[in-house]
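> build me a model:
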Amino acid sequence: MQVVSPEIAGQLGRASWIRRMFETGAELKQRLGADQVFDFSLGNPDVAPPPAAGAALHAIADGAAQPFAFGYVPNAGLPSLRTALADKLAVEQKTPALRARNVLVTCGAAGALTAFFRAVLEPGDEVLCPAPYFVEYGFYCGHFGGVLKPVPSLPPAFEPDVPALLAAIGPRTRVVLLNSPNNPAGCIYAPATLAAIAAHIETVNRTRARPVFLLADEPYRFLAYDGAVVPPVLPLTRFALVAGSFSKSLSLAGERIGYLAIHPELPDAGLLADAVAMTTRTLGFVNAPIIGQRLAEAVLDCGVDLSVYAGRRRLMAQVLEDAGIAFSLPRGAFYFFPQAPGGDDVAFVQRLLRENILAVPGTGFGYAGHFRLCFSVADSVIERSAAGFRRAAAG
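Residues are numbered from 1 along each chain as shown. Reported below is the predicted structural model:
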């Protein structure tokens, strides 16, 4: 008896390694106790939201008796939040012409990507991205007949292989999707890399009836270390868009507040904005959660304590060094993507699991031979995991 579609059945078979390890961790914690499990599997931010968030929630609660306080809002988001976001992104993205009409509020960055893909993809269209990549990308575009086409990046820093990426752009390419700072590698793509990709897209689009879009997925833009700067993508080509969220920057992951910013000079930019607003509605999102929208607007210029993540990055690097595990120090985000001792990432993750350490194999991110560690965990978890890493690495 076929109770689900073959496509979804296939997706279940390829279900995210991240979630698989997270669920394994939940079982281990229940059986052994949470203090005996070292869970580096899921990018769930544990740093407290900015202090202003509490006051903002009280203010939202005080207004709860007003009519429509928690009612429907425009599919594209609260007008006041769109205006504030446009002002912020105009500076951040070095695009002064950006206005509220170019920015949509979405159900997280995932909602932005999904609604955008629904608006522009036809069956068989390709979405290119450098590998390693966030594994859900394939599902987001695959729901609408899109095909994810990864192009391996260059180790050890995982900078995109620009010649290979550009050579992969073909007649069915519809989107080039970039994620910097990158999940899982923690790398920040160089300005020259981004400029070369954008320039090629401008050239390709001169003869295209259906343009290739350059889409930057930037939920970790706020989190860069040692003075590193994340280059803006929006100014590089009029075919650029930026997706982002406040899940990590404000520790509001469960509130699902994100955005999509469209270059104001993109041909038919207004039509595309209208289309994404409609797909946000027709995919069932309707509008991003209203409490989250009001909360984000109130604390838009705030941020979490970045020094916490910087300290954990140092601790995690020391643990890996002591275990003799090779890695590139991440320049952004809160992930390490080390080499798997022995080369088999799945086997090494199983060795870590025997030490009650939860990691995700690089195979789950389209890049075998490495594994991902999320250091959005307490310092004590990192410190107490050290002996287990040494034993697992020793074989």
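
> now stretch 311-325 - C-alpha only, CSV.
Backbone C-alpha positions of stretch 311-325 (Å, rounded to 0.1, in the frame of the first residue of the first chain) are rendered in CSV as follows:
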residue,chain,number,x,y,z
GLY,A,311,35.6,31.4,23.1
ARG,A,312,34.0,28.1,22.1
ARG,A,313,35.8,28.2,18.8
ARG,A,314,39.1,28.4,20.6
LEU,A,315,38.2,25.5,22.9
MET,A,316,37.0,23.3,20.0
ALA,A,317,40.2,24.0,18.1
GLN,A,318,42.3,22.9,21.1
VAL,A,319,40.3,19.7,21.5
LEU,A,320,40.9,18.8,17.9
GLU,A,321,44.5,19.7,17.9
ASP,A,322,45.1,17.6,21.0
ALA,A,323,43.4,14.6,19.3
GLY,A,324,45.6,15.0,16.2
ILE,A,325,42.6,15.7,13.9
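
> give the buried residues for that stretch.
By 16 or more other Cβ atoms under 10 Å, the buried positions in stretch 311-325 come out as 312, 313, 315, 316, 317, 319, 320, 323, 325. C-beta here means a position set from N, CA and C on the backbone, and glycine is covered the same way.

> what sits against the first one?
Okay, so that is residue 312. With contact set as Cβ atoms under 8 Å, 6 or more residues apart in numbering, residue 312 has these partners: 334, 375, 376, 377, 379, 382.

> in ChimeraX, select just the buried ones from these.
Filtering the contacts of residue 312 down to the buried ones (16+ other Cβ under 10 Å) takes a single ChimeraX command:
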select :334,375,376,377,382
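
> which one of the buried residues of stretch 311-325 is nearest residue 389?
residue 323 (4.1 Å; Cβ to Cβ).

> in contact with residue 53: list those residues for me.
250, 252, 295, 298, 299, 302.

> tell me how many other residues crowd the last one.
A count of nearby residues for residue 302, using other Cβ atoms under 10 Å, gives 16.

> next, residue 332: phi, psi?
phi -160, psi 180 (degrees, to the nearest 10).

> and the pLDDT for the closest residue to it other than its chain neighbours?
Leaving aside its chain neighbours, residue 332 sits nearest to residue 181 (2.7 Å; criterion: Cβ to Cβ, 6 or more residues apart in numbering). In this model, residue 181 is scored at 98, pLDDT.

> repeat that for residue 27.
82.

> mind checking the SS state of residue 104?
strand (DSSP: H, G, I helix; E, B strand; the rest coil).

> for it, name its beta-bridge partners.
residue 260 (DSSP bridges).

> pretty sure it sits against residue 280.
Yes: the pair formed by residue 104 and residue 280 meets the contact definition of Cβ atoms under 8 Å, at 7.1 Å.

> identify the contacts common to those two.
76, 115.

> which two among the contacts of residue 312 are spaced furthest apart?
Of all pairs in these, the most separated under Cβ to Cβ is 334 and 379 at 13.1 Å.

> just give me the neighbour total for residue 144.
Using other Cβ under 10 Å as the criterion, the residues surrounding residue 144 number 17.

> need the contact list for it.
Counted by Cβ under 8 Å, 6+ apart, residue 144 has contacts 117, 118, 121, 123.

> now the buried residues of stretch 311-325 in a markdown table, with pLDDT, secondary structure and distance to residue 98?
Formatted as a markdown table, those follow (pLDDT from 0 to 100; DSSP: H, G, I helix; E, B strand; the rest coil; distance: Cβ to Cβ, whole Å):
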| residue | pLDDT | secondary structure | distance to residue 98 |
| --- | --- | --- | --- |
| 312 | 98 | helix | 34 |
| 313 | 98 | helix | 32 |
| 315 | 98 | helix | 38 |
| 316 | 98 | helix | 36 |
| 317 | 98 | helix | 37 |
| 319 | 98 | helix | 42 |
| 320 | 98 | helix | 40 |
| 323 | 98 | helix | 46 |
| 325 | 98 | coil | 43 |
